[in-house]
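A.B. asks: can't give you the sequence, but here's the structure:
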């Protein structure tokens, strides 16, 4: 599944980003984290395992500025954009297949809250 890259945009997200990235690594997904000059140890909390790339911005470029950095950094045809407090609980392959087979440009998975119920 080298057609998709997971992108996280972070700013002071140390509390969440480790498990979020680990959930992607567990699925062997290439992962890119663009950090917006965090001061809370976010970059140190990012697992540096296979397929994880980190871009550290010197200043907080905001969400859209960081997204632009991400798209200049990666060239996979599909991007899975996740919030830093998101953990993948199921495989991404069916979501990607639905996008590719149906010619869609976007898709979303089911969001599950901490209580295990759909949001």
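C.D. replies: Alright, I've got the coordinates. What you are looking at is a predicted structure, and each value in this text was computed from that prediction instead of being measured.

A.B. asks: next one, pLDDT for residue 76 please.
C.D. replies: Residue 76 is assigned 92 on the pLDDT scale.

A.B. asks: what's the answer for residue 12, then?
C.D. replies: Taking residue 12 on its own, its pLDDT is 98.

A.B. asks: hey, which helix or strand in this structure has the poorest pLDDT?
C.D. replies: helix 93-102 (a mean of 89; mean pLDDT, DSSP states H and E).

A.B. asks: and it, which residues are buried?
C.D. replies: Across helix 93-102, burial judged by 16 or more other C-beta atoms under 10 Å covers 95, 96, 99. Using the backbone N, CA and C atoms, a C-beta is placed for each residue, glycine as well.

A.B. asks: my guess is the last one contacts residue 107. True?
C.D. replies: I take that to be residue 99. Yes. Between residue 99 and residue 107 there is a contact at 5.0 Å, judged by C-beta atoms under 8 Å.

A.B. asks: that older thread, make JSON lines from the buried residues of helix 93-102 and add distance to residue 71 to it.
C.D. replies: Below are these laid out as JSON lines (distance: C-beta to C-beta, whole Å):
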{"residue": "95", "distance to residue 71": "20"}
{"residue": "96", "distance to residue 71": "18"}
{"residue": "99", "distance to residue 71": "17"}
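
A.B. asks: from those, which is closest to residue 67?
C.D. replies: When the buried residues of helix 93-102 are compared for distance to residue 67 (C-beta to C-beta), residue 99 wins out at 18.5 Å.

A.B. asks: what residues does the closest one make contact with?
C.D. replies: Contacts of residue 99 were listed using C-beta atoms under 8 Å, 6 or more residues apart in numbering, and they are 78, 105, 106, 107.

A.B. asks: try it again with 6 Å
C.D. replies: Counting by C-beta atoms under 6 Å, 6 or more residues apart in numbering, residue 99 touches residue 107.
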